[in-house]
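J.: make a model of this:
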Amino acid sequence: MSSLRSLMIGLILTAGLADAAAAAQLVPPGNRNAEQPQIPGFSARRTKAAQTTFEAKYAKVYQLLQNDGRLRAKIREVASAYRIAPIHIVGAIVGEHTYNVDAYDRLQTYYVKAASYFTTSFSFSHDGESIDDFISRPEFASCGNYTDSYTLWSCRESIWDREFRGKSVNGKRFPNDRFSAVFFQPFYAGQTFGIGQINPLTALQMTDLVKRTSGFAPLDHRQPREVYQAIMDPDISLAYVAATIKTSIEAYRRIADFDISKNPGVTATLYNIGNPEARAARLAAENHARRAKGQAIKLPEENYYGWLVNKKRDELEALVSGTEF
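T.: As a prediction, the model looks like this:
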């Protein structure tokens, strides 16, 4: 049993979730915070450096969605395949392009960018060591017990954090940074791509769910160009957005006993910050302790990114419901 699985099981048991038959508690629509939580400094600096504002970036991505009926139709189709409401996909796209990178003016630009990466030569590696060689190290042996891509790559990410991040191993010093930033971003740190701003590690985690649901060929870490094309091409990348959101919804239902499917601000928050299983387990443990003290349980909360999605929900939902604002 991997350390990741052991940690998750321990947290879940601590949370006292033995009654699996109980219905998950619905997290109601809307924000739990009256005011928007603080926006990180890096997002503000990036926006200022581009000589724009959050309001202008929101307007730009909203206009992209509003002007492209084909894109909206794709969102509805993919949402139906993954059995989630389209607003969750819209919320993820809007949050990413409001607080991270500007949206392109036209959907066609994403297709052009996808094609350009397919003709570019690069690798997933760090300091001369390929990701394939790195995950062949003995520290990762326990991950070989997993065949599902999500569990497999989550296990590898956990081992990176525990055994390598910010440490020296066999005389080699490793950066104190995320696994995805060190090995899966060959052009510059912090990069994400496409209309869903997906990073390559997330795509590798979701590839089995996407294959089962959408029928796309599975991604391989030894074929980085195919990975980048998938996260840049809207015909494929929207499936990865939906799969990521679906995974978060299922994790919170299974682990924290919450149904977050009616709150796109919460799903957008998880899309932004990642690690839904660990976060659900921490919330479950906290609520177990609160119940023991006779306190009210804590509901999942939105961050600054999800807060905007909930605030703008009516006009965003209208984009994919057939009613234009």
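
J.: so which residues of the chain form strands?
T.: Taking DSSP state E to define them, one finds strands in the chain at 25-26, 125-126, 129-130, 168-169, 172-173, 258-259.

J.: and the third one, which strands flank it?
T.: Read that as strand 129-130. strand 125-126 (antiparallel) (DSSP bridges).

J.: the first one now?
T.: Each strand that pairs with strand 25-26, with its direction, by DSSP bridges: strand 258-259 (parallel).

J.: so for the partner strand, what's the average pLDDT?
T.: When pLDDT is averaged over strand 258-259, the result is 98.

J.: export the strands of the chain to CSV and tack on mean neighbour count and distance to R76?
T.: For the C-beta atoms, the positions are set from N, CA and C on the backbone; glycine is no exception. Formatted as CSV, the entries for the strands of the chain read as follows, by neighbours: other CB atoms under 10 Å; distance: least, CB to CB, whole Å:
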stretch, mean neighbour count, distance to R76
strand 25-26, 14, 23
strand 125-126, 19, 39
strand 129-130, 14, 40
strand 168-169, 10, 47
strand 172-173, 11, 48
strand 258-259, 20, 22
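
J.: could you dump these into JSON lines with distance to N310 added?
T.: Written out in JSON lines, the entries for these read as follows (distance: least, CB to CB, whole Å):
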{"stretch": "strand 25-26", "distance to N310": "15"}
{"stretch": "strand 125-126", "distance to N310": "38"}
{"stretch": "strand 129-130", "distance to N310": "42"}
{"stretch": "strand 168-169", "distance to N310": "43"}
{"stretch": "strand 172-173", "distance to N310": "42"}
{"stretch": "strand 258-259", "distance to N310": "16"}
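
J.: doesn't I198 make contact with Q185?
T.: No. In terms of CB atoms under 8 Å, Q185 does not count as a neighbour of I198; the distance is 12.0 Å.

J.: neighbour count winner among those two?
T.: Between Q185 and I198, I198 has the larger neighbour count (other CB atoms under 10 Å), namely 25 against 20.

J.: wait, what's in contact with that one?
T.: 192, 231, 237, 240-241, 244 (CB atoms under 8 Å, 6 or more residues apart in numbering).

J.: at 6 Å instead, please
T.: Taking CB atoms under 6 Å, 6 or more residues apart in numbering, we find I198 in contact with 231, 240.

J.: and it, bridged to which residues?
T.: Residues in beta-bridge contact with I198 (DSSP bridges): F193.
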